[in-house]
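S.K.: sequence? don't have it. structure:
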């Protein structure tokens, strides 16, 4: 495969692993340092990414740009690249609705940019076979070639923009939606003083410890999942299915957003306190300025 200059927006925990697979595949991979944190700089350095100071320079340097960012920023990131005159291949690998993917794709294609829709299923791609990047769009094979050496595994599912995002939305609607429901159920049991009984019942089924661990572990990414739940709600409503469940799931994850960047896994008691504390604030039982201090 011909070596390419590839830009990654941005090397967060997932993005840096995607960039590593592109680099493993013989490409030169760049990142934008402007406005990024010391942690991002450290991640980029750890896999040998090359720094450029601005997005404009990235657009000038790279023939391929890969966007891996929070879903609510995906459209702004794409349009920022568009306004800087980028004319190569743009892969949007964000957790967005197929409608949003189509909208971004049409805007970029009308300006001469080659657009590929992507959906990532799995955690950061460090172990072969553990993370899949699904691709759709006419140039999906060209995008897949950028990661040919792995460990990220690419799968082209359609030449139609939006299909990869649709798959991601349907998959996450169940996995992350179910975890949000679990959080809400456990918090309700705590508030109703039946948590011990519920956990004993779950222990008979062999799921008590597993359920508690799911609730604790989701806190690290809850701030990001809130936006994803809104994208899923939009996806479902567009095909006539109710989206209210995932709108509620977004609320659950938003209540846990204060755990972002926590150095240690919170206790289950801390997680439930955060869920119920935010509910008390919403109901007016606590002053608003007392919220979002869980884990301080």
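M.R.: Sure, I can see it. This structure is a prediction, so every number in the text was calculated from the model and none was measured. Numbering: from 1, shown residues only.
S.K.: how about residue 233: what's its closest non-neighbour residue?
M.R.: Taking CB to CB, 6 or more residues apart in numbering, and ignoring the residues beside it in sequence, residue 233 has residue 243 as its nearest neighbour in space, at 3.3 Å. C-betas here are computed from N, CA, C, even on glycine.
S.K.: what distance do you get for that neighbour to residue 173?
M.R.: Relative to residue 173, residue 243 is positioned 10 Å away (criterion: CB to CB, to the nearest Å).
S.K.: continuing past the lengthiest helix in the chain, what's the next helix or strand?
M.R.: Longest helix in the chain, counting residues (DSSP state H): helix 163-191. Toward the C-terminus, helix 163-191 is succeeded by helix 195-204 as the next helix or strand (DSSP states H and E).
S.K.: so for that next one, mean pLDDT?
M.R.: The predicted model assigns helix 195-204 a mean pLDDT of 96.
S.K.: give me the contacts around it.
M.R.: Applying CB atoms under 8 Å, 6 or more residues apart in numbering, the contact partners of helix 195-204 are 185-186, 189, 208-209, 211-212, 272.
S.K.: show me which residues of that helix are buried.
M.R.: Residues of helix 195-204 classed as buried by neighbour count (16 or more other CB atoms under 10 Å): 195, 198-199, 202.
S.K.: check which element follows it along the chain.
M.R.: Counting by DSSP H and E, what follows helix 195-204 is helix 208-218.
S.K.: quick one: contacts of that following helix?
M.R.: By CB under 8 Å, 6+ apart, helix 208-218 touches 176, 179-180, 182-183, 186, 199-200, 202-203, 225, 253, 256, 265-268, 271-272.
S.K.: ChimeraX command for the buried members of those residues?
M.R.: If you want just the buried ones from the contacts of helix 208-218 in ChimeraX, going by 16+ other CB under 10 Å, the selection is:
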select :176,179,180,182,183,186,199,202,225,253,256,266,268,271,272
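S.K.: okay, domains of this structure per the record?
M.R.: 5-161, 166-290 (automatic domain parsing).
S.K.: ok, of those domains, where does mean pLDDT dip lowest?
M.R.: Of all the domains of the chain, domain 166-290 carries the lowest average pLDDT, namely a mean of 91.
S.K.: OK, contacts around residue 84?
M.R.: 55-56, 59.
S.K.: can you rerun that using 6 Å?
M.R.: For residue 84, the contact set (CB atoms under 6 Å, 6 or more residues apart in numbering) comprises 56, 59.
S.K.: with the one 5 residues further on instead?
M.R.: Shown in contact with residue 89 (CB under 6 Å, 6+ apart): 64, 114.
S.K.: before we move on, the earlier item: which of residue 243 and residue 173 has more neighbours?
M.R.: Between residue 243 and residue 173, counted using other CB atoms under 10 Å, the more crowded position is residue 173 (22 against 17).
S.K.: ok, that one touching residue 233?
M.R.: No - using CB atoms under 6 Å as the test, residue 173 is too far from residue 233 to be in contact (9.0 Å).
S.K.: for stretch 13-22, buried residues please.
M.R.: 14-22.
S.K.: just to revisit the earlier point, which helices and strands sit right next to the longest helix of the chain?
M.R.: In terms of contacts (3 or more CB pairs under 6 Å, 6 or more residues apart in numbering; DSSP states H and E), helix 163-191 is packed against helix 98-110, strand 114-121, strand 132-136, helix 208-218, helix 222-238, helix 244-255, helix 268-282.
S.K.: just send the ones you listed back as a markdown table, with distance to residue 162 too.
M.R.: Listed next are these as a markdown table, based on distance: least, CB to CB, whole Å:
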| stretch | distance to residue 162 |
| --- | --- |
| helix 98-110 | 3 |
| strand 114-121 | 6 |
| strand 132-136 | 7 |
| helix 208-218 | 27 |
| helix 222-238 | 10 |
| helix 244-255 | 18 |
| helix 268-282 | 34 |
